[in-house]
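S.K.: Coordinates only, no sequence provided:
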């Protein structure tokens with residue numbers, strides 16, 4: 001199962017990180033001859049993420065942790081054709097995972 005991990009920070013919200021990853025994957029896809037299948041799958045998933053996600057909600061969920069100095073990571077994947085994500089919050093002592101379906 002293809003999973004995409006996106007890591008926002010206080011300087012780059014989750015939407016900006018997703019767009020940057022999309023542009024990076026597209027640029028790599030246009031410049032390589034081998035390994036295209038994996039890049040094409042990743043690009044397709046990024047298109048779904050950019051089209052279907054409520055980025056305002058994701059920002060609200062993550063910014064409160066980022067302001068507290070915690071690290072946030074979103075992990076996206078398709079399950080039975082449905083986009084799902086998990087938000088992982090880490091500080092020096094623990095990790096908290098919150099699973100969501102969109």
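M.R.: Yes, it's here. Remember, predicted model here, so these are calculated numbers, not experimental data.

S.K.: Please enumerate the strands of this structure.
M.R.: Ranges of strands in the chain, per DSSP state E, are 3-6, 71-79, 82-90, 95-101.

S.K.: okay, and for the protein, where does confidence drop off?
M.R.: Along the chain, segments meeting pLDDT under 70 span 95, 97-102.

S.K.: All the helices of it, residue numbers only.
M.R.: Secondary structure of the chain (DSSP state H): helices at 14-31, 36-52, 55-67.

S.K.: Just put these in a markdown table and tack on mean neighbour count and distance to residue 4.
M.R.: Yep, even glycine has a C-beta here, placed from its N, CA and C like the rest. Output for the helices of the chain, formatted as a markdown table (neighbours: other Cβ atoms under 10 Å; distance: least, Cβ to Cβ, whole Å):
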| stretch | mean neighbour count | distance to residue 4 |
| --- | --- | --- |
| helix 14-31 | 15 | 7 |
| helix 36-52 | 15 | 6 |
| helix 55-67 | 15 | 13 |
